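pasted the sequence and its predicted model underneath.
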Amino acid sequence: MPPSSMMVVSQPAKRCRKCGLTKPVDLFPRNRQSSDGHRARCKPCHADDVRQWTHAKPERLERVRKRVVEWKPQHPEMRHANERRRRRERWRDDPVFRQACRERWLRYRQKNVERRAAAYRKWVRDNPERARARNRRWAARHREKTRAKAKAWRMANPARAQALWRASRSRRRAREQGAAGKTKRAKLQARWDYFGGRCWICGGEADSIDHVIPLARGGSNWPSNLRPACLACNTRKGVQPLAKSSHAPVHPLPHASTKTNGARSSRAE
Ligand SMILES: [Zn+2]
Ligand SMILES: [Zn+2]
């Protein structure tokens, strides 16, 4: 390499014999035959040479095209990578293209609200932990919104909100008072099945677990004190023990036909 072509750069540079520009050697195609391991013409110039050589004769062009057609299906990942790189560069350099992409994305969003919602629901189903973490992060960032939303839900579902509030309060109280007993999930399920999933007071469909003797009156968390109940009965009953309320059980127990209702309602099993 003649000294006149050297540039003051950390990387060795050389001058392209075709375009006359001085560039780092990296920008010259590798070539084992030449003394410095790179071609004399820079990459763009070399590509231009190859193109001209190929297009000079129709049979050459035909041969190259055939080779490309064979190569393509065998290297999909490389083609996709190239395509992505081209799009990235265009996105970076072409503001019109960038704007068009943005508009297309917005149109897609507007047109596929349902589809995107379904995809999101599927993601939530497949990644429950990540979805919960995501919700927590969102709630922490949008505290006011979260509070307003919860309030709106409580206004729209007063009975359910009250039942949930009661349930959480009784759980907390049970913890604080150290109420006796605990019930594993499987036992609770067995309890639920024993009553056929019906409310033990009205016989309707149950959707909550009732403490027959309320925790506030010394009731326990043992399975014997737990029965399925509908929210309406559970809420109406509140902390009154059943014997003192006007809602005596009318739903017969499957295995307790010999017992009297009074005996069952006045004490825990
Ligand atoms: Zn060049
Ligand atoms: Zn009921």
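Great, that's in hand. Numbering: from 1, shown residues only. Ligands and ions are numbered 1, 2, ... in the order given.

tell me how many other residues surround Thr183.
Other residues near Thr183 come to 18 when the count uses other CB atoms under 10 Å. For every residue, glycine as well, the C-beta is placed using N, CA and C.

equivalent analysis for Val212, please.
23.

could you check the pLDDT of it?
At Val212, the pLDDT value in this model is 88.

likewise for Leu226?
Note on Leu226: pLDDT of 89.

against Arg185, how distant is it?
12 Å (CB to CB, to the nearest Å).

okay, those two: which has more neighbours?
A count of neighbours by other CB under 10 Å puts Leu226 above the other of Leu226 and Arg185, at 24 against 7.

ok and the residue in the stretch 51-200 of the chain nearest ligand 2?
Ligand 2 sits closest to Cys199 of the stretch 51-200 of the chain, with a gap of 3.2 Å, by CB to the ion.

and that residue, its phi and psi?
phi -60, psi 130 (degrees, to the nearest 10).

I'd say it and Cys230 touch.
Yes - with contacts counted by CB atoms under 8 Å, Cys199 reaches Cys230, the gap being 4.0 Å.

more neighbours, these two?
When neighbours are counted by other CB under 10 Å, Cys199 and Cys230 differ, and Cys199 comes out ahead with 24 against 21.

what pLDDT does the model give the more buried one?
In this model, Cys199 carries a pLDDT of 93.

got any ranges where the stretch 1-150 of the chain has weak pLDDT?
1-10 (pLDDT under 70).

give me the common contacts of Cys199 and Cys230.
Common neighbours of Cys199 and Cys230 are listed as 205-206 (criterion: CB atoms under 8 Å, 6 or more residues apart in numbering).

A helix includes Lys18, no?
No - looking at Lys18 with DSSP: H, G, I helix; E, B strand; the rest coil, it is coil, so not inside a helix.
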